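K.L.:
Sequence and computational prediction follow.
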Amino acid sequence: MKVPLPALVFGALLPALGLAPLGARSDTVPAPATAPAENPATSGSSIVVPVGVFTATYTDAVTGRQIDLTLWYPATGPGTPVTIGGNAVFEGTSGERGAPIPPGRHPLVVLSHGGLRSSSNNGAWLAKRLARAGYVVVAEHGPMLGPKDAQLAIEEIANRARDLSGALNAILANPDWDKSIAENKIAAVGLFLGGTAALSVAGGRIDPAAFAQSCDKGGPGMDCPWLKAGGMDLHSADLTPLTKLRRDPRIGFAIAVAPEYAASFDADSLAKAPVPVAIVDLGKPGSNPKGMQGAALKGAGANVSYTDLPGVSRYDTFPQCTPKGGAILKDSGSDAPICGDSGKARSAAHAALAQALVNLLEVQFH
């Protein structure tokens, strides 16, 4: 059976293969002693910092929407080893549940990774590397939309920005953490649709007229075949949710990695954003779908910087593949090179992306 694989919506493939999604709560049991070793982030130190982790669920007091959260932090000692995520295709990410919280106040990264149909914990590897570099990281996991959920797409795109604010609400209201966060050093970091959300909480606005043309012939839209199959016509859809301002004044810096719908943003809104914004593109020129090219916002304003990482592909943002991961994908009929590189190459790409993000954060916060 050939399973279609939309660009970067790998979460849609897992249920079709009978695999547990990355968001499965495998973090509730200790990690096996044979768990694959991970390379530490290149944070300028050879010391491996223990990384603590815990999971929680946040409920939006206004909408009732629930989102899963995973918090990663540089610990001062070990805890109980656990594994976050992981399945037959992707390795999980190890952490230390109950590890001691470090003293003092620390910069915070609110992280969102993936698209409308992506599984949870795709960015766990990145969260852990950022934690090793000294950041507290709270990763939010929005719901994974299914084959028949296209009518929910517009609201869900808008909700991802609200989820970032919700994740921030949750950690700042937590009595164990409210005194551990440097509230003048909070950044939103997003990849793909998470990048869209990061731009939104920084003050960027999507232009509904431009968005409505996303899935026109040659347009820069994402998930267009899925939307069409679900009866969603962007020209007639209610785009009101996208027009609401999602600026969160607690966010002092935003990084958008290969942001989806970048071409649909009102560039002037980003130029007027009250905080610095960094756009990071991945892969060689032309290697990404039009809907994932942040270069559309290059030069949007003096506060908007642009970086490209040609040596890191969009597939490198996924976790390490298991030894059988590539074969499983091939058997499914997928020709996307998600597991095409060696584990060593994927680890090097992870280190390069993590270091690039740390460099951007360091400029703003230190």
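P.N.:
Thanks, I have it. Numbers count the residues shown, from 1 in each chain.

K.L.:
Report how many residues lie close to the closest residue to residue 71 other than its chain neighbours.
P.N.:
Excluding the flanking residues, the one nearest residue 71 by CB to CB, 6 or more residues apart in numbering is residue 138, at 4.8 Å. Every C-beta, even on glycine, is put in place using the N, C-alpha and C of the backbone. By other CB atoms under 10 Å, the residues close to residue 138 number 25.

K.L.:
so residue 138 sits in a strand?
P.N.:
Yes: Residue 138 sits within a strand when classified using DSSP: H, G, I helix; E, B strand; the rest coil.

K.L.:
I'd like the numbering to begin with 779 instead of 1 from here.
P.N.:
Yes, from this point I'll number from 779; that puts the last item at residue 916.

K.L.:
Hmm, residue 886 and it touching each other?
P.N.:
Yes: assessed by CB atoms under 8 Å, residue 916 is found in contact with residue 886 at 7.0 Å.

K.L.:
Spatially, what comes nearest to residue 1063 if we skip its sequence neighbours?
P.N.:
Closest to residue 1063 by CB to CB, 6+ apart is residue 1088, at 7.6 Å.

K.L.:
Name all residues that make contact with the one you found.
P.N.:
Neighbour list for residue 1088: 1061-1063 [criterion: CB atoms under 8 Å, 6 or more residues apart in numbering].

K.L.:
Is there a quick ChimeraX command that grabs whichever of the residues you listed are buried?
P.N.:
To isolate the buried ones among the contacts of residue 1088 in ChimeraX, judged by 16 or more other CB atoms under 10 Å, type:
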select :1061
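
K.L.:
Save the contacts of residue 1088 as a markdown table, and put in distance to residue 882 too.
P.N.:
Shown next, in a markdown table, are those (distance: CB to CB, whole Å):
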| residue | distance to residue 882 |
| --- | --- |
| 1061 | 38 |
| 1062 | 42 |
| 1063 | 43 |
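
K.L.:
list residues touching both of residue 916 and residue 886?
P.N.:
With CB under 8 Å, 6+ apart as the test, residue 916 and residue 886 both reach 946, 949.

K.L.:
what pLDDT, on average, does stretch 1095-1113 get?
P.N.:
Averaging pLDDT along stretch 1095-1113 gives 87.

K.L.:
With stretch 917-930 instead?
P.N.:
78.

K.L.:
can you list the contacts of residue 1088 in CSV and add secondary structure, pLDDT and distance to residue 1043?
P.N.:
Putting these into CSV (DSSP: H, G, I helix; E, B strand; the rest coil; pLDDT from 0 to 100; distance: CB to CB, whole Å) gives the following:
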residue, secondary structure, pLDDT, distance to residue 1043
1061, coil, 93, 20
1062, coil, 88, 23
1063, coil, 82, 20
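
K.L.:
If we only consider the contacts of residue 1088, which is nearest to residue 872?
P.N.:
residue 1061 (28.0 Å; CB to CB).

K.L.:
close enough to count as contact, that closest one and residue 1091?
P.N.:
Yes: under the criterion of CB under 8 Å, residue 1061 makes contact with residue 1091 at 4.6 Å.

K.L.:
The residue nearest to residue 849 pairs with what?
P.N.:
Judged by DSSP bridges, the bridge partners of residue 916 are residue 849, residue 888.

K.L.:
so residue 972 makes contact with residue 888?
P.N.:
No: with contact defined as CB under 8 Å, residue 972 does not reach residue 888; the gap is 9.7 Å.

K.L.:
which ones are touching the residue nearest to residue 849?
P.N.:
Counting by CB under 8 Å, 6+ apart, residue 916 touches 847-850, 886-889, 945-946, 948-949.

K.L.:
related to what we said a few turns ago, and the residue nearest to residue 1063, how far is that from residue 1049?
P.N.:
26 Å (CB to CB, to the nearest Å).

K.L.:
what do you get for residue 990?
P.N.:
Relative to residue 1049, residue 990 is positioned 23 Å away (CB to CB).

K.L.:
what residue ranges in this structure score low on pLDDT?
P.N.:
Along the chain, segments meeting pLDDT under 70 span 779-825, 893-897, 1113.

K.L.:
quick one, strands of it?
P.N.:
Using DSSP state E, the strands found in the chain span residues 829-837, 844-852, 858-862, 871-875, 884-892, 914-919, 959-970, 1031-1035, 1055-1060, 1082-1087.

K.L.:
May I see these arranged in CSV, with distance to residue 1000 as well?
P.N.:
Below are those laid out as CSV (distance: least, CB to CB, whole Å):
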stretch, distance to residue 1000
strand 829-837, 26
strand 844-852, 21
strand 858-862, 26
strand 871-875, 26
strand 884-892, 12
strand 914-919, 19
strand 959-970, 8
strand 1031-1035, 14
strand 1055-1060, 15
strand 1082-1087, 20
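
K.L.:
and residue 925, which of those strands is closest to it?
P.N.:
Closest among those, once you apply CB to CB, is strand 884-892, at 16.8 Å.
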